[in-house]
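*Asks:* what's the 3D shape of this:
(3 chains)
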Amino acid sequence: MKRQVPVITLVTDFGLQDEYVGVMKGVILSINSRVQLVDITHAITRHDIVQAALVANSTFRFFPINAIHVIVVDPGVGGKRKVIGCKKEGHFFIAPDNGALSLVVQDGKVDELCAITNQAYFLKPVSHTFHGRDIFAPVAAHLSKDLDMSRLGQKIRLSDIVKLDISAPVLSSQRELVGKILSVDAFGNLMTNIDEETLTRFGHEQGLEDVVIHLGGTKIQGVSTSYDSVQTGSPVAVVGSRKLLEIAVNQADASTYFKAGVGQTITVKLAAPKSGALR
Amino acid sequence: MKRQVPVITLVTDFGLQDEYVGVMKGVILSINSRVQLVDITHAITRHDIVQAALVANSTFRFFPINAIHVIVVDPGVGGKRKVIGCKKEGHFFIAPDNGALSLVVQDGKVDELCAITNQAYFLKPVSHTFHGRDIFAPVAAHLSKDLDMSRLGQKIRLSDIVKLDISAPVLSSQRELVGKILSVDAFGNLMTNIDEETLTRFGHEQGLEDVVIHLGGTKIQGVSTSYDSVQTGSPVAVVGSRKLLEIAVNQADASTYFKAGVGQTITVKLAAPKSGALR
Amino acid sequence: MKRQVPVITLVTDFGLQDEYVGVMKGVILSINSRVQLVDITHAITRHDIVQAALVANSTFRFFPINAIHVIVVDPGVGGKRKVIGCKKEGHFFIAPDNGALSLVVQDGKVDELCAITNQAYFLKPVSHTFHGRDIFAPVAAHLSKDLDMSRLGQKIRLSDIVKLDISAPVLSSQRELVGKILSVDAFGNLMTNIDEETLTRFGHEQGLEDVVIHLGGTKIQGVSTSYDSVQTGSPVAVVGSRKLLEIAVNQADASTYFKAGVGQTITVKLAAPKSGALR
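*Replies:* Residues are numbered from 1 along each chain as shown, chains lettered A, B, ... in the order given. Alright, predicted model coming up:
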C-alpha cells in the first residue's frame, strides 16, 4: 500500500497580495518537496487571534491524521511570545503562544505540547519580522519528514500557554439562551457561539422547530434544516457546517439584513406553552 | 512509464476568506492524498450559475484527460435539487443539477450522466448546508481513485437535467450580428456571446478587419489580433482566449471606458460596400 | 534517495477572479502532472513590471534549486516583445522581455539566457492574447521534465534584454541617505529602496539605533529589530524580511498613518554629534 503524502495547512493574516505565503511554501518545499500544501485562509483579519482560533478548530478534523497545521497570526512576532508545537488527536499544530490554539485545546486534552526553541530546525539567521518563513515553515517541513516533536524543544504544560476567553453562551434566569455573534463569513452569514450540543439540550423539551431566535428587533421562528427552508430574502436560523447556530438570509447577506456584526447578542427563547387558549 | 497524478479542479462561489475551500481539500486528501488540487476560481459571484457554466466550459479542455471538475455554485443546497455526475470527452464533472453544466453539455454529447445518490461515498452525516464538503469533495476523491462512475447512482438522460438559456448571437434582418456581454473579467475586458466560429462565418466576405463593432455609442473598426494593435487607452476588439469576441481597451479597463456591463447589446456590422465612388 | 519533485512558481497580474491562472495550471499538468505548483501572487497591480521585478527577486532564493519561476506581467502580449528564458544560481525564469527580470539579473551574472522561440514547446495555435497559457505554461512544464534550456531558442546576451531603471538610494551632500518608497504591502508597511547593506555602511559610525529616519513630517528614532519594539500604534523602522529598510506602525497601517505611497522620498540622517554639551 502506498504511503500517505504528508499535508501541511496554512492559516495566516498575510493576504494573497504579497509574496509572503509563497515564500513560506518555498522554504517548506526546499526541505520537503513531497508535501501537499493547503491554504486554509490567508484572509484572517489582521492580528485577529479569535478568528484564527475558530478557523483552526473548525478545520483540522477534516484533514488526514498526521497533518501539520500552521497558524501564523502573530502580532507579537519578534517579541517575547513563545512558538508552540502541539499534537492533538494525531494532528500537529504550530502556532504562536498567543491564544490561537485556545479552542483546539479547550477540552483540556493534548497528546504533546512543547515550546519550539531548537534552532537546528530554523532558517538562519532568524529575522525579527517574519517567523512564518524562518521558524514556522521550516519546522513544519521537518515534522512532515517524521521528525519527532520532542526534538523541537522542552515539553510544557497546558496551563503554561496563553488561552483566550471565548465565552460560552449563558442560560439566563428567564430560561433564555443568550449567545453572541463570533464571526461573519464571506456570504454574510452570522456565526454564533451557541454550539449544537448546548442548543439541542436547551430546546429538547419543545423541539428546535419551536424555539424563537431574537436578533436585533427581528424574531426567527425555529431552527431550520437548510437555508432554503424559507423564501428567498427571508432570514433563517440553522446549525451550520461548523456545528454552531448560524443566522442566514436565504440567497442574501444576513450581516446587511440585520446590520449585525461580531459581538452582538443573540437570544434563543422557548416558545410560550401551547396549553393555554388565549392564542 | 509513470502513472499520471489525478487532478481535481474546484469552481465555487465560496470566496477565499473563510475556511470552506480548505475544508473541502481536507476531505479530499483524507480519501486520496495523492491528488493535484487546482483552484479554478472561488470568486464566482454568489449563486451566479451562468458564470459557473462559462468558467467550467472554457476551462476543462486544458486539463489532462480523467481530470475531475467539481463545481459548487449551489443556491439550492439542502433542498430538492439533485447532484449530478457527468463524463464528457474523458473528463469528469460533479455539479448541482441547476444548469451549471449547461455549456459543457450544449452539444448534446456526453459519455455518461448520473444522479449521485450513493451515500457510501458521502461524508456522514450529510449536512443541509455544506454539500461541497459532504458530497462533492468525497465523491471527487473516490473518482480520483478510479471508482467507476456507475457506482455513484442511477444513469439519467441529458433531457432530465436543468439547462440554462444562454442565448446565442442573432443575425438580424439588416445583416447585423447582434450579441450581448456575458461577463466582465478582472481586467475589465468585456466577454460577449459571439463565438469565433459565428463571427468568422459572418465576416468572411469582407474579412474581419473590415467589420465595425458598435457598443454604446462607440464604433470599433475591425477585429484585431492583439490588445496592442491599437494605441494605449484605445478600445479594441479581439477574439480572446475563450474564443469569444471580446472588447478591451489597450492597457486599461473596458468596462469603465464603455460604462458597460453584463447583458448589454453589442452589434457587429459589415462595412458599407467599397465598390461605389462616393467615398 | 528520493528525487526532488519539480517546482513551478507563478507571478501574474491576472487576479484570482477569472479562470486564467487555473487554465495555465491545466496546461502545465497536461504536460507534467508530477509538479508542485506554487502561487507567489496573482495580485501584481495590472501591468506593474516594477512590482513583478521586486517580487521575483525577493522570492526565488527561498525555493529549491531547479525551481522554475514564471512571471506573466505582460502588457505587450501579442506584440513584438520577446519571451526570455534565464537560468541564474540554478533557478529558471520565464518572463516577457520587458524588465521583469531587471533585479534578478542586476548583478550582471546569469548561467544562461535565451530568447524562447521554439514553437515545438508551445500550445498550438498560439493566441495573441494569452501567452501565459500558450507559451509560458507549456515551456515551464517542459523545463520541469528536464528539457535542456538550449532547446528553447537562441542564446542572447544580458545587454540584449530590457532593464528597468529602479534607482538606488543616494548619499546626499549633507551625509543624508535619500531613498524612496518602492511598494506598500498588504499590511500597509512601506518598503523602501534602501537595502540593508547600504544602510549598514551608512550608519556604521553611530550604530543604526542612532540614525533618524524622516518621512513626511515625522521623525523615527533609530532602526529597530522588531515591529513591537515600539508601542502599539507607533511608527517604527526595521530592516524587513526583504532586507530593505521598511517603515511600519506597530499593529497598524503605516501607509494610512503617514498618508504615504510609492515614490515618496524617505531620508535617513545621522544624529547630531553627541560630543557637545548643549543637549
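
*Asks:* give the contact list for the closest residue to chain B within the stretch 101-250 of chain A.
*Replies:* Closest residue of the stretch 101-250 of chain A to chain B, CB to the nearest CB: residue A:226 (2.7 Å). C-beta coordinates here come from the backbone N, C-alpha and C atoms, glycine included. By CB atoms under 8 Å, 6 or more residues apart in numbering or on different chains, the contact list for residue A:226 reads A:238, B:77, B:78, B:79, B:128, B:129.

*Asks:* Quick check: it vs residue B:126, distance?
*Replies:* 11 Å (CB to CB, to the nearest Å).

*Asks:* so the closest residue to residue A:143 other than its chain neighbours bridges to which residues?
*Replies:* In space, and not counting its chain neighbours, residue A:143 is closest to residue A:68: 5.1 Å by CB to CB, 6 or more residues apart in numbering or on different chains. Residues in a beta bridge with residue A:68, per DSSP bridges, are residue A:8, residue A:92.

*Asks:* hmm, back to that, which among the contacts of residue A:226 gets closest to chain C?
*Replies:* Chain C lies nearest to residue B:77 out of these, by CB to the nearest CB, at 22.4 Å.

*Asks:* So that closest one sits against residue B:128, correct?
*Replies:* Yes. The pair residue B:77 / residue B:128 is scored as a contact, 7.4 Å apart, by CB atoms under 8 Å.

*Asks:* Give me the common contacts of those two.
*Replies:* A:226, A:227.

*Asks:* CA atoms only: put whichever strand or helix holds residue A:11 into CSV for me.
*Replies:* In this assignment (DSSP states H and E), residue A:11 forms part of strand A:7-12. Extracted C-alpha coordinates of strand A:7-12, given in CSV (Å, rounded to 0.1, in the frame of the first residue of the first chain):
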residue,chain,number,x,y,z
VAL,A,7,-0.1,17.5,4.4
ILE,A,8,0.7,21.0,5.7
THR,A,9,-2.1,23.5,6.1
LEU,A,10,-1.6,27.3,6.4
VAL,A,11,-3.7,29.9,8.3
THR,A,12,-2.3,33.4,8.2
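
*Asks:* for residue A:68, what are its contacts?
*Replies:* By CB under 8 Å, 6+ apart, the contact list for residue A:68 reads A:6, A:7, A:8, A:9, A:91, A:92, A:93, A:94, A:140, A:143, A:144.

*Asks:* tell me which of these is nearest to residue C:20?
*Replies:* Nearest to residue C:20 among those is residue A:9, at 25.6 Å by CB to CB.

*Asks:* correct me, but the closest one touches residue A:70?
*Replies:* Yes. Look at residue A:9 against residue A:70 with CB under 8 Å: they come within range, at 6.7 Å.

*Asks:* Compare those two (neighbour count), which wins?
*Replies:* A direct count of neighbours by other CB atoms under 10 Å in any protein chain shown for residue A:9 and residue A:70 places residue A:9 higher, at 28 against 25.

*Asks:* What confidence value was assigned to that one?
*Replies:* For residue A:9, the model assigns a pLDDT of 98.

*Asks:* Residue A:277 too?
*Replies:* Looking at residue A:277, its pLDDT stands at 40.

*Asks:* tell me, how many neighbours does the closest residue to residue A:262 other than its chain neighbours end up with?
*Replies:* Once flanking residues are discounted, residue A:262 sits nearest to residue A:181: 5.5 Å by CB to CB, 6+ apart. Counted with other CB under 10 Å, the neighbours of residue A:181 add up to 23.

*Asks:* Hmm, residue A:181 is touching residue A:264, no?
*Replies:* Yes. Using CB under 8 Å, residue A:181 is in contact with residue A:264, at 4.8 Å.

*Asks:* so how far is chain C from the residue nearest to the spatial centre of chain A?
*Replies:* Closest residue to the average C-alpha location of chain A: residue A:54 at 1.8 Å, with CA atoms, centre = their mean. The gap separating residue A:54 from chain C is 20 Å, by CB to the nearest CB, to the nearest Å.

*Asks:* Tell me how far that residue lies from residue B:59.
*Replies:* From residue A:54 across to residue B:59, the span is 33 Å (CB to CB).

*Asks:* Does the helix or strand just after the strand holding residue A:11 reach chain C?
*Replies:* Toward the C-terminal end, the helix or strand that comes next after strand A:7-12 (DSSP H and E) is helix A:20-31. Yes. Counting by CB under 8 Å from any CB of the partner chain, chain C has neighbours in helix A:20-31: A:20, A:21, A:22, A:23, A:25, A:26, A:27, A:29, A:30.

*Asks:* for the record, mean pLDDT for stretch A:204-213?
*Replies:* Averaged across stretch A:204-213, the pLDDT comes to 84.

*Asks:* Show me what that stretch is in contact with.
*Replies:* A:199-200, A:202-203, A:219-224, A:237, A:245, A:247, A:266-271.

*Asks:* buried stuff in it?
*Replies:* A:208, A:211, A:212, A:213 (16 or more other CB atoms under 10 Å in any protein chain shown).

*Asks:* can I get those residues in a markdown table with secondary structure?
*Replies:* Listed next are the buried residues of stretch A:204-213 as a markdown table, based on DSSP: H, G, I helix; E, B strand; the rest coil:
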| residue | secondary structure |
| --- | --- |
| A:208 | helix |
| A:211 | coil |
| A:212 | strand |
| A:213 | strand |
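
*Asks:* Of those, which is the nearest to chain C?
*Replies:* Distance to chain C across these (CB to the nearest CB) is lowest for residue A:213, with 35.0 Å.

*Asks:* how much space between that closest one and residue B:166?
*Replies:* 40 Å.

*Asks:* Direction included, what does the lowest-mean-pLDDT helix or strand in chain A pair against?
*Replies:* The weakest-scoring helix or strand in chain A, judged by mean pLDDT, DSSP states H and E, is strand A:170-171 (a mean of 84). Strand pairing for strand A:170-171, using DSSP bridges, gives strand A:176-184 (antiparallel).

*Asks:* what residues are up against residue A:9?
*Replies:* Residues counted as contacts of residue A:9 (CB under 8 Å, 6+ apart) are A:38, A:39, A:40, A:59, A:60, A:63, A:67, A:68, A:69, A:70, B:22, B:26.

*Asks:* who does the second one bridge with?
*Replies:* So that's residue A:39. residue A:10.

*Asks:* Report pLDDT for it.
*Replies:* So, for residue A:39, pLDDT stands at 98.

*Asks:* got a list of what it touches?
*Replies:* A:9, A:10, A:21, B:16, B:21, B:22.

*Asks:* same question, residue A:120
*Replies:* Applying CB under 8 Å, 6+ apart, one finds that residue A:120 lies in contact with residue A:151.

*Asks:* can you check the one 10 residues further on too?
*Replies:* Contacts for residue A:130 were tallied using CB under 8 Å, 6+ apart; they are A:20, A:23, A:77, C:240, C:241.

*Asks:* picking that back up, highest neighbour count among the contacts of residue A:39?
*Replies:* Highest neighbour count within these: residue A:9, with 28 neighbours (other CB under 10 Å).

*Asks:* Next, work out how far apart that one and chain C are.
*Replies:* For residue A:9 relative to chain C (CB to the nearest CB), the value is 15 Å.

*Asks:* likewise residue A:172?
*Replies:* For residue A:172 relative to chain C (CB to the nearest CB), the value is 35 Å.

*Asks:* for residue A:185, same thing?
*Replies:* To chain C, residue A:185 is 18 Å away according to CB to the nearest CB.
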